[in-house]
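**Q** Provide a 3D model corresponding to the input given below.
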Amino acid sequence: MDNNGIRRQAERLEHSVWQAVIAKNGDAFASLFADDYLEITLDGKRARKGQIVEESPQTDEITAYDMDQTEAILLSDDTLLISYHVVIEGTHRRKTIEPRERWATSIWRSRNGSWKCCFFQQSNYAKNDS
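**A** Prediction:
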């Protein structure tokens with residue numbers, strides 16, 4: 001797969017997660033995340049698959065998102081990393097999401113032809129000057 005193909009594949013995978021968030025679809029999360037999924041939240045906490053699958057549909061009211069500045073790296077034949085800038089519209093626990101702009105990074109692993117997200121981390125966004 002060339003660099004553009006890797007980036008497009010990674011973007012498709014990430015869009016599937018964000019669409020599950022908007023749809024408040026915990027079953028979709030369960031199917032997209034590996035059993036050993038680990039997330040580092042913007043406030044520095046760690047969360048596992050079960051917690052995200054259970055809590056996100058109840059606490060998140062995401063109405064829209066926009067991804068850009070995507071970079072994807074094929075780490076091995078069955079593992080890829082994607083990092084991107086995301087702008088999120090909506091609420092979390094009934095509070096407006098702030099900051100709306102973030103960096104997001106995911107690692108995806110393919111097993112038996114099925115891609116699963118095994119890691120996700122959000123970071124504060126600082127615009128690149130270069």
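
**Q** host element of the nearest residue to Glu71 once chain neighbours are set aside?
**A** With CB to CB, 6 or more residues apart in numbering as the criterion, Glu71 has its nearest non-adjacent residue at 5.1 Å, and that residue is Ser83. No exception for glycine: its C-beta is placed from N, CA and C like everyone else's. Using DSSP states H and E, Ser83 falls within strand 79-92.

**Q** strand partners of that strand, parallel vs antiparallel please.
**A** Using DSSP bridges, strand 79-92 pairs in its sheet with strand 60-76 (antiparallel), strand 95-96 (antiparallel), strand 101-111 (antiparallel).

**Q** may I see the ones you listed arranged in a markdown table, with mean neighbour count as well?
**A** Shown next, in a markdown table, are the strands paired with strand 79-92 (neighbours: other CB atoms under 10 Å):
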| stretch | mean neighbour count |
| --- | --- |
| strand 60-76 | 14 |
| strand 95-96 | 9 |
| strand 101-111 | 17 |
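
**Q** quick check: which of the ones you listed is nearest to Gln19?
**A** strand 60-76 (9.1 Å; CB to CB).

**Q** what mean pLDDT does the closest one get?
**A** In this model, strand 60-76 has a mean pLDDT of 95.

**Q** contacting residues around it?
**A** Residues from elsewhere that reach strand 60-76, judged by CB atoms under 8 Å, 6 or more residues apart in numbering: 1, 3, 6-7, 9-11, 14-15, 18, 21-22, 24, 80-92, 94, 97, 107, 128.
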